[in-house]
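Student: the following comprises the amino acid sequence and a computationally predicted model.
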Amino acid sequence: MRRTNTKNLGPRRRAGETSRSDSEAADRLSALPDALLHHIMSFLKAWRDGAPSELRDFVNCLFLFRDLSAPVVTLRLRSSDEDDEAFDDDDADTWIMAALKRRAQVIHVVGHRKFPAPLDGVSFVSCHLRVLKLSYARLDRGILRQLSSGCPSLEELDLKDCLVAGNGIESASLKTLIMLKCTIHLDFSVAAPNLVLLRLITPYVRVPSFKNLGSLVTGTVILDDCFLSVDFGHGSDDDDEFGETTDDDNDKIDNYKIGYGHGLPPKRYALHGYKDKYGYGGDIDRDETTYKYSDIASGYLGDGQNFSKEGNYHDYGENYGCNYSTVLGGCNILDSLSSATSLELLADAGEVVLSRELKRCPTFINQKTLSLGEWCMATDFDALIFLLQHSPNIERLFLHLKLNFNTREPSKTGTELEERSFTCNHVRIVKIKCSDDDVRVHMLAHLFMANGISLEKIYVRRSGSAYLRDQQSMRDLAKHELDFWRE
C-alpha cells in the first residue's frame, strides 16, 4: 500500500508559530448537533456479512452490555426470509426488551412473512414508548392488554400483515392507528378518544369495530368482502404488493399507498406477464387526464335522457365465490367515524359492511372532504345520495368509479330514500375518476346540477377504456391457459 505524504496538508504555518498538540486540537465533530450526528451515523452499516452466530454475538455485545442509563431512542429489527436467519424469536424478544429498558421511544419490528413473530417474551410496559410499528407479528390478548394499560405515552400504532388474536385495545394516548391487511379472528374493537388519524386497509376475516373516536379528523376505510369470511386463510405472498412500512419514523401518512384500488391485490386483476394489446392501441391504458366536465359534456347536456345503457351501465363488481352472508364485523363503523372532517370509504360494487351500516348512518356535521368508491354507485346512486344528505357541510367530493364487466348483484343499502334531493351548499369541487367508456359520469353530472352544484365545480379524471382492458384481460387469461397446457 502506498504511503500518503501528509506533511503539507492543512494551512501553512508562519515563521515563529508552533503547532498545537493533539490534545489541544479542536474537536469539531463533537461540536455538531446531536441530531445531525445521529443522522450521519445512521448511514453507517454496523454489520454486513458473517455467520448468524457472529451477528447474534455482535448485537449482544453492542446492545446488551450498554449501560441502562444510556438511552436507546429507536430500535429497528427486520427478520430475514432466508432459512439461515441470523437470529430467532428469542433473540428478537431479548433485544426489544433491552430497548424498552433503555427508554426506547420508537420500536419497529418486521417479522418473518411465513412465521409471524410471536413476541411471547416481550412485556410492552413503558412510559417512554411513543411509536410502535409491527409487520408480520402476532398480537395476543396479553400484548393488547399491555398496549392498553402499560404504554401511557403510545401515540402511533402501525400494524401491517399482523395476526390480531385479542378482543381489542383501549388507549387514551393513541393518536394514529394504521392497520394494513391484518387478520382478525375475534370480535375486535378499538376505543381511542384522542385518535386523530385512522387507516383501516383490507382487513381479513373480520372488520374491527370502533368506539369513542370523538377526536377523529381523518378516516380511511378500504374493504374487500372476498377476504371477510371465517373460511378465508391468509398467507403472505413472496411478492408483497404493499412493501414494508417505511423505516422513517418521522414519515408522513402519505408514504403509505392509500387510495382506491391499493387495498386490493393486483394479482387478481391482471396477468402482468403479458403486454400484448391486441391492436387496441393507446385507448387501453392511456394516461389519466383531468378535464372540466363542461369540456366533455357535449351531447349530454339536455334533459338527462341521452344516456346509452348498452353494455356499460350495470351494477358492476367482482364475484370470486365468497359467501357474502358470512361477512363479519364492522358494527356501527359509520357512526364511529361521525366526527371526522375527511373521510374515505372505498370498496367494490356489492360490498356488504358499508352498505349494511348505512341504516345507522349519522349526520357528518364536521365533514369537509368525502371520497367514495364503486360500492355506493349502484341502484341509481341511492347510497351516494343518502351519504350526501347526511353531509351538509361537505366542500370536496371525490368519486372513484370502477367500471368492470364481471357482474355481481348489488347489496341492499339497508335504508330507503324518502326523497332523492340533497343540499350541499358549500361544495367547491367534485372530482370523478372513471374510464373513458363509463357514461355514468354524465348521469352524476345531471344529479349534481339538479341539486344546485354548478358544472364549473365538476371535474373528470379519465383513464383508458375499461371495456378494452376487460377484453385484454380475458385474452391474456386464455393465452396463459394455452401456454400452461403446452408446457
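Tutor: Arrived safely. Computed from a predicted structure; not experimentally measured. Residues are numbered from 1 along each chain as shown.
Student: flag the shaky bits of the protein, pLDDT-wise.
Tutor: Applying pLDDT under 70 to the chain picks out residues 1-27, 41-53, 81-85, 231-288, 299-326, 404-416, 464-487.
Student: what distance do you get for Gly329 to Val205?
Tutor: In this view, Gly329 and Val205 are 8 Å apart by Cβ to Cβ, to the nearest Å. Every C-beta, even on glycine, is put in place using the N, C-alpha and C of the backbone.
Student: looking at these two, which is more packed in?
Tutor: Val205 (24 against 18; other Cβ atoms under 10 Å).
Student: quick one: the more buried one and Ile184 touch, right?
Tutor: Yes: Val205 sits in contact with Ile184 when judged by Cβ atoms under 8 Å, with a separation of 5.6 Å.
Student: what ranges do the helices span in this protein?
Tutor: Taking DSSP state H as the criterion, the chain contains helices spanning 34-41, 52-59, 89-101, 141-149, 293-296, 333-336, 353-357, 378-389, 440-450, 466-486.
Student: and Gly350, its phi and psi?
Tutor: phi 80, psi 10 (degrees, to the nearest 10).
Student: on that earlier part again, now for Gly329 and Val205: what residues contact both?
Tutor: Taking Cβ atoms under 8 Å, 6 or more residues apart in numbering as the contact rule, Gly329 and Val205 both touch 184, 228.
Student: Thr183 reaches Leu159, doesn't it?
Tutor: No: using Cβ under 8 Å, Thr183 is not in contact with Leu159, being 10.4 Å away.
Student: and stretch 193-212, how far apart are its ends?
Tutor: From its first residue to its last, stretch 193-212 covers 5 Å (Cα to Cα, to the nearest Å).
Student: buried set for that stretch?
Tutor: 195-212 (16 or more other Cβ atoms under 10 Å).
Student: go on, stretch 75-95?
Tutor: Result for stretch 75-95 [16+ other Cβ under 10 Å]: buried residues 75, 77, 79, 86-87, 89, 91-95.
Student: Ala450: how many residues sit nearby?
Tutor: Ala450 - counted by other Cβ under 10 Å - has 12 other residues nearby.
Student: try Asp380
Tutor: So Asp380, with other Cβ under 10 Å, has 12 neighbours.
Student: how close does it sit to Ser435?
Tutor: 20 Å.
Student: could you dump stretch 86-93 to PDB, C-alpha only?
Tutor: Provided in PDB are the C-alpha atoms of stretch 86-93 (Å, rounded to 0.1, in the frame of the first residue of the first chain):
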ATOM      1  CA  ALA A  86     -29.200 -14.600  11.800                       C
ATOM      2  CA  PHE A  87     -31.400 -14.500  14.900                       C
ATOM      3  CA  ASP A  88     -34.500 -16.200  16.200                       C
ATOM      4  CA  ASP A  89     -37.600 -15.100  18.100                       C
ATOM      5  CA  ASP A  90     -35.900 -15.400  21.500                       C
ATOM      6  CA  ASP A  91     -33.200 -13.100  20.300                       C
ATOM      7  CA  ALA A  92     -35.700 -10.600  19.000                       C
ATOM      8  CA  ASP A  93     -37.600 -10.600  22.200                       C
END
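Student: which outside residues touch it?
Tutor: Counting by Cβ under 8 Å, 6+ apart, 52, 55-56, 59, 77, 79-80, 109, 111, 117-122 sit against stretch 86-93.
Student: buried ones only from the residues you listed, please, as a PyMOL command.
Tutor: To isolate the buried members of the contacts of stretch 86-93 in PyMOL, using 16+ other Cβ under 10 Å:
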select buried, resi 55+56+59+77+79+109+111+117+118+119+122
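Student: looking at the contacts of stretch 86-93, which are in strands?
Tutor: 77, 109 (DSSP state E).
Student: pick the one among the contacts of stretch 86-93 closest to Thr369.
Tutor: The shortest approach to Thr369 among the contacts of stretch 86-93 belongs to Val109, at 33.4 Å (Cβ to Cβ).
Student: now that closest one: how far from Arg199?
Tutor: Counting by Cβ to Cβ, the gap from Val109 to Arg199 is 19 Å.
Student: same question, Ala35
Tutor: 28 Å.
Student: before we move on, what about Cys127?
Tutor: 26 Å.
Student: and Ala349, by the same measure?
Tutor: 23 Å.
Student: now do Ser69
Tutor: 37 Å.
Student: again, but for Ser371
Tutor: From Ser371 to Arg199 the distance is 13 Å (Cβ to Cβ).
Student: just Tyr459 next, same as before
Tutor: In terms of Cβ to Cβ, Tyr459 sits 25 Å off from Arg199.
Student: same check on Asn425?
Tutor: Asn425 is 30 Å from Arg199, by Cβ to Cβ.
Student: next one: Thr341
Tutor: Separation of Thr341 from Arg199 (Cβ to Cβ): 15 Å.
Student: go on, Lys402?
Tutor: Computed with Cβ to Cβ, the distance linking Lys402 and Arg199 is 20 Å.
Student: what comes up buried for stretch 388-398?
Tutor: Here stretch 388-398 shows 388-391, 394, 396-398 as buried, counting by 16+ other Cβ under 10 Å.
Student: so Leu345 bridges to which residues?
Tutor: Val221, Leu372 (DSSP bridges).
Student: in this structure it contacts Gln367, no?
Tutor: No: applying Cβ under 8 Å, one finds Leu345 not in contact with Gln367, separated by 11.2 Å.
Student: need the overlap of contacts for these two.
Tutor: Contacts common to Leu345 and Gln367, judged by Cβ under 8 Å, 6+ apart, are absent.
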